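1. How does the following fold in three dimensions:
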Amino acid sequence: MRVNSSFDTVIAGAGPAGLTAAYELSKNGFSCVALESEKELVGGISRTDQYKGYRFDIGGHRFFSKSEEVNRLWEEILGEEFLTRPRLSRIYYNRKFFYYPLKPFDALSKLGIGRSALILSSYLKAQLSPIRPERSFEDWVVNRFGRQLFDIFFKTYTEKVWGMPTSEISADWAAQRIKGLSLFKAVASALFGGKSSKGGEVVKTLIDEFQYPRLGPGQMWEAARDKVRGFGSGVHMDRRVVGIEHAGQQVTAVTSKDAAGEVYRYEGRNFLSTLPIRHLIQAMSPAAPPEVRQAAESLKYRDFITVVLIIDEPETFPDNWIYIHEPDVKLGRVQNFKNWSPDLVPDQSKTSLGLEYFCFEGDSLWSMSDKDLVELGRKEIAAIGLVKGEKVIDGCVVRMPKAYPVYDDSYQDHLAVIRAWLQNFDNLQLAGRNGMHKYNNQDHSMMTAFLAARNIMGTGDFDTWKVNTDAEYHEGGSESDQEFKGRAVPRKLETA
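-> The predicted structure is shown next:
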């Protein structure tokens with residue numbers, strides 16, 4: 001075993017949260033090391049893979065935040081390599097394209113007079129008699145769009161993503177991902193161009209442009225890694241965390257293992273985990289109490305496959321991405337990487353598409369060979385009429401386990417049990433999407449990391465769980481919520 005005690009803070013994971021914390025700490029003179037299980041790529045689900053010079057995302061990653069601090073950090077890390085890109089995303093349903101976010105007049109004209117009348121009637125009914133209590137994703141969407149629009153534009157795709165009925169998905173997920181949007185707001189946006197919710201806040205779902213690294217999101221995190229190392233801290237690759245040693249109220253060391261089986265022990269005074277919570281609890285030594293282990297095992301994740309197809313055409317369709325609502329194909333979403341940035345494609349006479357399939361690790365889709373997955377992608381992209389099958393000249397596959405933490409009807413109860421126990425450790429911080437089992441965007445993950453780093457530096461005493469999904473920090477107590485502006489407030493456990 002190799003022992004390393006050179007760093008004050010040990011960070012598990014080199015995704016957006018882990019690298020943000022490492023950057024914040026090392027920039028301010030605090031030594032740290034981030035441990036990453038991958039051999040070469042940093043960025044987690046926000047990394048950029050390559051195949052024969054083609055660069056591609058694991059999903060598409062818009063860089064947009066209401067947090068000026070996050071925006072400043074992105075610019076600080078990447079500078080002129082950070083592009084502003086137009087957004088176009090549509091829904092493909094019944095062999096027709098519908099704008100997303102939904103433009104009511106576009107949608108109603110394509111659905112026809114009869115169905116449009118049913119949609120409007122259904123919406124009015126939902127406003128007069130909303131579902132109460134509002135427990136599920138289905139309840140949340142029906143209350144804001146009506147049953148008819150829910151069945152057409154939300155049900156099929158959402159069940160593809162999560163592999164479970166929409167009635168079993170928590171309303172929390174809808175509140176996070178399409179927060180502030182309703183049919184009324186969509187109509188107002190179409191008529192008046194408004195993109196704000198009550199109080200003037202931008203509705204993320206309605207933005208029409210975003211920033212994006214010229215060579216993909218991985219370029220941001222590769223640059224952050226290099227800057228962290230330049231500050232004298234470490235980013236150690238091929239270090240899968242296998243043990244987290246503790247002594248009652250203190251974590252004392254993290255052990256990791258490389259692909260060859262060599263074990264490394266990292267000692268430190270402070271520790272930050274962006275690991276999936278299930279992995280974190282499994283790694284605790286001594287073991288967590290039985291009820292905590294049971295709660296961690298009960299947390300669920302949805303896994304993800306990207307099938308990249310190289311198309312022998314300079315242009316295919318104008319969208320950044322398209323949601324596939326056709327029920328007769330397994331395909332969930334298609335990314336057009338050239339429309340995110342032309343520099344992702346080395347040969348401008350070609351196009352590269354990312355076909356996204358949602359699955360569970362070990363199921364029939366996950367277990368298919370790469371060759372069969374590429375062939376499935378070719379057949380399905382041709383079947384829905386987006387690209388002719390004979391134009392597909394090459395392809396590759398990337399699998400991403402634990403891409404999405406699942407919001408089922410019991411996840412909050414499980415998290416409450418885990419958080420109550422983890423609160424005993426005064427030198428352990430949690431941050432990031434899987435680190436906190438929060439389905440969020442990069443900016444939210446980054447803000448949790450900012451605050452965790454400041455807790456470690458002693459410049460604040462923040463509760464990272466109070467960072468909401470718009471990368472804002474809200475104070476507790478009886479006062480109204482306020483956006484985080486660097487104030488130190490007490491950290492208190494708040495169960496959701």
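
2. just checking, T255 touches E245?
-> Yes. If you go by CB atoms under 8 Å, T255 and E245 touch, sitting 7.0 Å apart. Where you see a C-beta, it was placed from the backbone N, CA and C, and this is true even at glycine.

3. So for these two, which sits in the more crowded spot?
-> T255 (20 against 17; other CB atoms under 10 Å).

4. Who is that one paired with across the strands?
-> G243, R265 (DSSP bridges).

5. Please report how far it lies from L280.
-> 13 Å (CB to CB, to the nearest Å).

6. swap in L41?
-> On the measure of CB to CB, L41 and L280 end up 22 Å apart.

7. Compare those two and say which is more crowded by neighbours.
-> Between L41 and L280, counting by other CB under 10 Å, L280 is the more crowded of the two (22 against 18).

8. Need the nearest residue in space to the more buried one, chain neighbours excluded.
-> S273 (5.2 Å; CB to CB, 6 or more residues apart in numbering).

9. any low-confidence regions in the stretch 351-496 of the chain?
-> Where the stretch 351-496 of the chain drops to pLDDT under 70, the residues are 469-471, 473-496.

10. which residues in it form strands?
-> 351-359, 392-405, 428-430 (DSSP state E, counting those that start in this stretch).

11. Which strands or helices does the longest one pack on?
-> Spelled out, it's strand 392-405. strand 301-311, helix 370-383, helix 433-436 (3 or more CB pairs under 8 Å, 6 or more residues apart in numbering; DSSP states H and E).

12. Next: the first one.
-> Judged by 3+ CB pairs under 8 Å, 6+ apart, the packing partners of strand 351-359 are strand 54-57, helix 156-162, strand 301-311, strand 333-336, helix 337-340, helix 364-367, helix 370-383.

13. Sheet partners, orientation included, of the fourth one?
-> Spelled out, that is strand 333-336. When DSSP bridges is applied, strand 333-336 pairs with strand 321-324 (antiparallel), strand 351-359 (antiparallel).

14. between the ones you listed, which gets nearest to L73?
-> The closest of the strands paired with strand 333-336 to L73 is strand 321-324. By CB to CB, the value is 25.1 Å.

15. residues making contact with the closest one?
-> 60, 89-92, 97, 100, 157, 331-336, 384, 386 (CB atoms under 8 Å, 6 or more residues apart in numbering).

16. CA atoms only: put it into PDB for me.
-> Written as PDB, here are the backbone C-alpha positions of strand 321-324 (Å, rounded to 0.1, in the frame of the first residue of the first chain):
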ATOM      1  CA  TRP A 321     -31.000  18.000 -29.900                       C
ATOM      2  CA  ILE A 322     -34.400  16.300 -30.500                       C
ATOM      3  CA  TYR A 323     -36.600  14.400 -28.100                       C
ATOM      4  CA  ILE A 324     -37.900  11.200 -29.600                       C
END
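
17. So which bits of it are buried?
-> 321-324 (16 or more other CB atoms under 10 Å).

18. for stretch 425-436, same thing?
-> 425, 427-436.

19. got the end-to-end distance for it?
-> 16 Å (CA to CA, to the nearest Å).

20. likewise stretch 104-119?
-> 10 Å.

21. Same question for it: list its buried residues.
-> 104, 107-108, 111, 116, 118-119.

22. Among those residues, give me the pair with the biggest separation.
-> Once CB to CB is applied, the buried residues of stretch 104-119 give P104 and L118 as the farthest pair, at 14.0 Å.

23. Spit out the contact partners of V10.
-> Applying CB under 8 Å, 6+ apart, the residues near V10 are 32-33, 35, 253-254, 266-268, 270-272.

24. Out of those, which is nearest to E69?
-> Distances from E69 to the contacts of V10, taken by CB to CB, are shortest for L272, at 18.2 Å.

25. In this structure that closest one contacts I456, no?
-> Yes. The pair L272 / I456 is scored as a contact, 7.2 Å apart, by CB under 8 Å.

26. Looking at those two, which is more packed in?
-> L272 (33 against 24).

27. which residues are contacting the helix or strand hosting that one?
-> Using DSSP states H and E, L272 falls within strand 270-273. Residues outside strand 270-273 that contact it (CB under 8 Å, 6+ apart): 8-13, 18, 21, 244, 251, 254, 280, 427-431, 435, 449, 452-453, 456.

28. Please pull up the helix or strand immediately following it.
-> Following strand 270-273 in sequence, per DSSP H and E, is helix 277-283.

29. tell me which strands and helices that next one is in contact with?
-> Helix 277-283 sits against strand 240-247, helix 290-298, helix 411-422, helix 433-436, with contacts defined as 3+ CB pairs under 8 Å, 6+ apart.

30. between those, which one is nearest to P133?
-> Going by CB to CB, the one of those nearest P133 is helix 411-422, 14.3 Å.

31. just how off-centre is stretch 265-276 within its chain?
-> 22 Å (CA atoms, centre = their mean, to the nearest Å).

32. Just the buried subset of the contacts of strand 321-324, written out for ChimeraX, thanks.
-> Listed next is the ChimeraX selection for buried residues among the contacts of strand 321-324, using 16+ other CB under 10 Å:
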select :60,89,90,91,92,100,157,331,332,333,334,335,336,384,386
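
33. Quick check: the farthest pair among the contacts of strand 321-324?
-> G60 and I384 (18.7 Å).

34. Could you list the residues in contact with stretch 293-302?
-> 161-163, 276-278, 280-282, 287-288, 358-361, 401-406, 408, 410-411, 413-415, 417-418, 434, 437.

35. again, but for stretch 417-426
-> 246, 248-251, 277, 281, 288-289, 291-292, 295-296, 428, 430, 465, 493, 495.

36. buried residues in it?
-> 417-419, 421-422, 425.

37. do the same with stretch 62-70
-> 62-65, 67, 69-70.

38. For N94, give me the pLDDT.
-> On the pLDDT scale, N94 is placed at 84.

39. who's in contact with it?
-> Applying CB under 8 Å, 6+ apart, the residues contacting N94 are E326.

40. Tell me the spacing between it and I152.
-> From N94 over to I152 (counting by CB to CB), the distance is 9 Å.

41. next one: E315
-> In terms of CB to CB, E315 sits 29 Å off from I152.

42. Between the two, which has more neighbouring residues?
-> Between E315 and I152, I152 has the larger neighbour count (other CB under 10 Å), namely 20 against 11.
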